[in-house]
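J.: Next input, structure requested:
(2 chains, ligands or ions: 1)
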Amino acid sequence: MANPNGVGASVRRLEDPRFLTGRGNYTDDFKRPNMTHLVHVRSPYPHALVKGIDASAALAAPGVVAVLTGADMEADKVGSLPCGWQIHSKDGSPMKEPGHFPLARGRVRYVGDAVAVVIAETKDQARDAAELVVVDYEELPAVTASTRAVTAEAPQVHDEAPGNLCYDWHLGDKAAVDAAFAQAAHVATIDLVNNRLVPNAMEPRAALGEYDPSNGEYTLTTTSQNPHVIRLLMGAFVLGIPEHKLRVVAPDVGGGFGSKIFHYGEEAVVTWAAKKIGRPVKWTADRSESFLTDAHGRDHVSHAEMAMDQDGHFLALRVSTLANLGAYLSTFAPSIPTYLYATLLAGQYKTPAIYAEVKAVFTNTAPVDAYRGAGRPEACYLIERLVDIAAGVAGLDRAEIRRRNFVPASAMPYQTPVALQYDSGDFAKNLDIALPLVDYDGFAARKAASKAKGKLRGIGFSTYIEACGIAPSNVAGALGARAGLYECAEVRFHPTGSVTVFTGSHSHGQGHETTFAQLVAERFGVPIENVEIVHGDTSKIPFGMGTYGSRSLAVGGSALVKAMDKVERKAKKIAAHMLEAAETDIEVKDGRFTVAGTDKSLGIGDIALQAYVPHNFPLDELEPGLDEQAFYDPKNFTYPNGCHVCEVEIDPETGVTQVVAFSAVDDFGNVINPLIVEGQVHGGIVQGIGQALLENCVYDDESGQLLTGSFMDYCMPRADDVPSFTVRYHEDQPCTHNPLGVKGCGEAGTIGASAATMNAVVDALSAFGVTHLDMPATPEKVWRAIQNATPALAAE
Amino acid sequence: MYAFTYQRPSTLADAVAAAQAEDAKLLGGGQTLLPTLKQRLAQPSALVDLSGVAEMKGINAVDGGLEVGAFTRHSEVAHSDLVKATIPALASLAEGIGDRQVRNMGTLGGSIANADPSADYPSAVVALKATVTTDRRTIAGDDFFTGMFETALEPGEIVKSVRFSTPDKAAYAKFRNPASRYAIVGVFVAKYGAEVRVAVTGAAGSVFRVPAFEAALEANFAAEALNGLSVSADDLNADLHASADYRAHLVTVMAKRAVEAAG
Ligand SMILES: Cc1cc2nc3c(=O)[nH]c(=O)nc-3n(C[C@H](O)[C@H](O)[C@H](O)COP(=O)(O)OP(=O)(O)OC[C@H]3O[C@@H](n4cnc5c(N)ncnc54)[C@H](O)[C@@H]3O)c2cc1C
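T.: Presented below is the predicted three-dimensional model:
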């Protein structure tokens, strides 16, 4: 490695001293002269008509500046929050897209739906006054469970969506699947629930709106994963502000996990209100508000069947899923249970025919959208659970049935029956590394040792694949995306040789300021501390689609490479001029530009200086400056994949499950910073284990209330809930279509871990005849499964 | 939080006087009261912070037991050499409360005055034959807890200290709520000569004893003695985390584990 802080080095995160010493700058840290504070009045009912709002007492309260409602927004012609993805139903009709207003207009549809805002001099004054706003509600019947929402007698969430149906979509070849099932020797089936989750980023959402009447410019500072997308959606669709008059800043953001991708009503409210009252307006969610109003994740109910031949080869997969979208369509909601879910149902297997149907429904719950993994964990969980059941039906070892059905590395690129084309991957190799790593052969002995202590032991696999690096714009467009999904980067060399990179990717915990700087340090041989990565400000960065779907390095990093290519081409021209050589004779290595076959050479620093001091430039051929910009639109998705293995021990007396070992063998393509990759995998696995054993977002279907509205009831995983992880990766299968050969690692842990964990739990309980348990496998659920076991089995 | 006045008296007498104010609230470690205030679920006119009252602090050996000041933090009980030497089960109970931050702030007096059905200390107060001393009287531990979030304390009455009797053997076994870490079921077993006390917290509206378990253990202080015994699920709590049936089952399991741990 030429540069100690270059590609492949475990550079400690350059941003961490700032975060760890409390010097991060988060949206709530921003204070402006004359700033006001905004608090929402939110619906306590899951479904109600708003018959009137009496703000007189609130307006008279100390410090109150304004009370604003949906009617005020309507009068100002504020639009509906747009949806970024359109799905068409089987019959060709477009999905139902009911209005989704920042402040409700006449009807509220979930507990937490915003009805009015109170703006005051201090936050406490705003809170006090918010309690004085009298809203006249007429309660309506509500429904929170997707399974009840589709019944004939269910309350209707939106008049324009009969039967609460947003769309009824499908993918794949139904006839081929039916034919395969007709000939199957074995069929494995499963009914499962993918439990609803609350993202719980450490930093709650916040937004600060400002308006400058001197030039008509608005500034929104917000907790976003993609400020340009917010500028486009809010500017063009909600508030009607042209881009050149709207600046969106996403400063340090304390975690997103998807929940900060979307354009939320609060962002529009503070921006609009700032102009209306002529003062800056800040809103910061409290934790209870986050529970109620951050877009939730998952919430699927599925039935799936796998047809097999005599030897356990998969012949066809049939899946039908009911997806809960919540009360309104969040920005990317429709795409999650469709193109980010059903397209992944092939998994790592060469199943020749697949057919998936997805019904998406509205309910009186918070909107559901992308949450770490977004659709892919749901797909992986379903396939990997089903494969375990298939192993039981076919009488095969669970590692063997996987191996038997893997798409072989030799088949790459491999076209799946559900739209995607995998570019690379050696799934058998992942398993080959994993089995000795976890001492699979020694499992029986470990199980016996556990049994001697009165414990049940189980082991579970998850051989997952995901589609990341979202996404080729042409493909996304064909599938209903209303945006392109490229990325932009600008590389600016300064006269004295330091570099500023402007990236459209956004870091909210991923460590871009380090990884991206490593790419520049490596390419140009500059010290890493001379590279600054700027992100999260539409006034600085040319454009950007932001960070989600493990796309930053694969797409944003590739844009950076393209921009660096341009810088190098330009630098080469300058070097040729300075060294009085032909451009074709200049060789470039580690930031040195050398005339081939000579010792005449220049460093990038000398070239940068000349670029800005062009005293003798042939100006017709050579422009001054060294500052280049590039857009990169990916050619395909990337396909990170791997094999996760979980081992659990269950206390049959209490039902408590303990994860005793967890190993992950991943193929992320090339790895730029192993330390950061490992950190991403660790966090992801914890979230996956969290879903499997602890986390569950529960609404009471009768009252429509969120029962898990705080950490007293919503169980976030803690460090002592998980063991030390064994994490390995290999770099033998780089991505074939992006310049870095990277695939992405941000979501892998979450995608693989829930299935591996649940497969281990069910394995531990298999002696009791248990073949499936829905997540989370809480102690009581596990204990009941044991109690309900057939007495003969239980006696064993 | 609504606005309130704040006082920090340095004597018990001053604290009692300050607590007379209408809608005044005593502030212990604040681990229950402050979240309640932040969520605007209570609106006291005044907070009387007990952290400055010296008479309410400290852990002392007394004849037949330990006297623990009401304003003793959970972490102090957990780490006290005196408690560990005298009633190790009490130290281990304190060590299992909530998380480190909660233990560093929460107090014994606040915990028992609050009488949360899933708090740990009530089981110790009952099992360890405690007496509760207040600014005005002494209350037997058996009579202190009167219901869910209810105690024998009068309005404005301040818990000064709690005296625990040293048992021959004792242990506390807790099945914690994975989210909040409060007790879903906690069973404190203590043996005094021929007498055995079994106090259960978390399972019902308030801490309760299990006479059938006590009798069985008095006959044979061993986990097997509880085989086949259980409490009725009828009056037990049921919530998202545990049904009444499951709690009833856990009472036996935790009681056995406590007996095993007591040795
Ligand atoms: C996240 C979390 C987890 C927790 N987990 C557990 C757990 O596992 N087990 C457990 O037992 N507890 C748990 N608790 C509660 C904790 O133990 C608190 O210490 C306890 O609830 C109250 O004690 P406090 O000193 O904080 O009292 P405060 O919150 O200050 O007061 C509570 C009530 O007691 C009154 N009060 C306080 N001191 C006195 C006094 N000396 N005399 C009379 N009245 C008084 C107050 O007026 C108030 O009404 C948890 C709390 C939190 C926040």
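J.: contacts and neighbour counts: CA atoms only from here.
T.: Will do.
J.: ok, A:Val782 to the ligand distance?
T.: Noted for A:Val782: a distance of 23 Å to the ligand, by C-alpha to the nearest ligand atom, to the nearest Å.
J.: Smallest gap between the stretch 351-500 of chain A and chain B, at which residue?
T.: Nearest to chain B, among the residues of the stretch 351-500 of chain A, is A:Gly454, at 13.6 Å (C-alpha to the nearest C-alpha).
J.: what about the spatially closest residue to A:Met234 that is not a sequence neighbour, helix or strand, and which?
T.: Once flanking residues are discounted, A:Met234 sits nearest to A:Ala268: 6.5 Å by C-alpha to C-alpha, 6 or more residues apart in numbering or on different chains. Here A:Ala268 sits within helix A:265-277, counting by DSSP states H and E.
J.: what's in contact with that helix?
T.: Contacting residues not belonging to helix A:265-277 are listed as A:38, A:65-66, A:81, A:101-103, A:207-211, A:218-220, A:222, A:234, A:238-239, A:280-283 [C-alpha atoms under 8 Å, 6 or more residues apart in numbering or on different chains].
J.: Could you list which of those residues belong to strands?
T.: Mapping these onto strands (DSSP state E) picks out A:38, A:65-66, A:207-211, A:218-220, A:222, A:281-283.
J.: Which single residue of the stretch 601-750 of chain A ends up nearest the ligand?
T.: A:Met712 (7.0 Å; C-alpha to the nearest ligand atom).
J.: Got phi/psi on that residue?
T.: Per-residue torsions, A:Met712: phi -70, psi -30 (degrees, to the nearest 10).
J.: what's near enough to touch it?
T.: Contacts for A:Met712 (C-alpha under 8 Å, 6+ apart) come out as B:179-180.
J.: quick one: it from A:Lys275, how far?
T.: 39 Å (C-alpha to C-alpha, to the nearest Å).
J.: the domain parsing of the chain - what is it?
T.: In the absence of a named chain, chain A is used. Under the assignment automatic domain parsing, the domains of chain A span A:16-22+A:486-632, A:31-140+A:202-255+A:260-293, A:376-469+A:637-795.
J.: think we crossed wires, I meant chain B
T.: Domains of chain B are assigned by automatic domain parsing as B:5-51, B:54-165, B:169-262.
J.: I'd like those laid out as TSV, including mean neighbour count.
T.: As requested, those are arranged in TSV below (neighbours: other C-alpha atoms under 10 Å in any protein chain shown):
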stretch	mean neighbour count
domain B:5-51	17
domain B:54-165	20
domain B:169-262	21
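J.: what does the stretch 101-250 of chain B put close to the ligand?
T.: Contact residues (C-alpha under 6 Å from any ligand atom) of the stretch 101-250 of chain B with the ligand: B:102, B:106-107, B:109-111, B:113-114, B:119-121, B:158-160, B:180-183.
J.: and chain A, which of those residues reach it?
T.: Restricting these to those adjacent to chain A (criterion: C-alpha under 8 Å from any C-alpha of the partner chain) gives B:Ser180.
J.: Just the ones in strands from the residues of the stretch 101-250 of chain B next to the ligand, please.
T.: Among those, the members falling in strands are B:159-160, B:183 (criterion: DSSP E).
J.: which one of these is nearest A:Val499?
T.: B:Ala183 (56.0 Å; C-alpha to C-alpha).
J.: Spit out the contact partners of the closest one.
T.: B:118-120, B:174-177, B:201-202.
J.: so what's A:Met758 closest to, chain neighbours aside?
T.: Closest residue in space to A:Met758, ignoring its immediate chain neighbours: A:Ala692 at 6.2 Å, by C-alpha to C-alpha, 6+ apart.
J.: List the residues that contact the one you found.
T.: A:754-755, A:757-758, A:775-777.
J.: Among these, name the ones in helices.
T.: A:754-755, A:757-758 (DSSP state H).
J.: need the longest helix for chain A.
T.: Per DSSP H, chain A has its longest helix at helix A:558-579.
J.: follow-up on the earlier one: export the domains of chain A as JSON lines, with columns for mean pLDDT.
T.: Converted to JSON lines, these look like this (pLDDT from 0 to 100):
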{"stretch": "domain A:16-22+A:486-632", "mean pLDDT": "96"}
{"stretch": "domain A:31-140+A:202-255+A:260-293", "mean pLDDT": "98"}
{"stretch": "domain A:376-469+A:637-795", "mean pLDDT": "96"}
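J.: got those domains as TSV, with distance to B:Arg136 columns?
T.: Converted to TSV, these look like this (distance: least, C-alpha to C-alpha, whole Å):
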stretch	distance to B:Arg136
domain A:16-22+A:486-632	47
domain A:31-140+A:202-255+A:260-293	38
domain A:376-469+A:637-795	35
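J.: Quick one: closest of those to A:Val358.
T.: A:Val358 sits nearest to domain A:31-140+A:202-255+A:260-293 of all the domains of chain A, at 9.3 Å, using C-alpha to C-alpha.
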